[in-house]
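Asks: this one's structure only:
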């Protein structure tokens, strides 16, 4: 029997539904924080665009709106 390495376990986890949810949430939060940087010229626009591209193309099962709804529910 072959025992998966911790790297293999992490890759398997990241490729699963929960891992994808966590990655989508992390990207959403990172994008939000990076867009809020002031003054605006310090914002890393290309990094933000790359993160949005990854989120839209790899994690589209979890649209950003679901994280906004959860945040609004927690704020009440």
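Replies: Great, that's in hand. All of these numbers come straight from a predicted model, not from anything done at the bench. Numbering: from 1, shown residues only.

Asks: which residue is the nearest non-sequential neighbour of the spatially most central residue of the chain?
Replies: Centroid-nearest residue in the chain, with C-alpha atoms, centre = their mean: residue 27, separated by 2.4 Å. Leaving out its chain neighbours, the residue that sits closest to residue 27 by C-beta to C-beta, 6 or more residues apart in numbering is residue 55, at 4.4 Å. No exception for glycine: its C-beta is placed from N, CA and C like everyone else's.

Asks: list the contacts for the residue nearest to the centre of the chain?
Replies: Going by C-beta atoms under 8 Å, 6 or more residues apart in numbering, residue 27 touches 51, 54, 55, 59.

Asks: which of those are buried? Put it as a ChimeraX command.
Replies: Here is the ChimeraX command that picks out the buried ones among those, judged by 16 or more other C-beta atoms under 10 Å:
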select :51,55,59
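
Asks: how far does the helix ranked longest in the chain sit from its chain's centre?
Replies: The single longest helix within the chain, with elements called by DSSP state H, is helix 17-35. Here helix 17-35 is found 2 Å from its chain centre; the criterion is C-alpha atoms, centre = their mean, to the nearest Å.

Asks: buried set for that helix?
Replies: For helix 17-35, burial by neighbour count (16+ other C-beta under 10 Å) applies to 20, 23, 24, 25, 27, 28, 31.

Asks: if anything else comes up later, I'll come back, but that's it for now.
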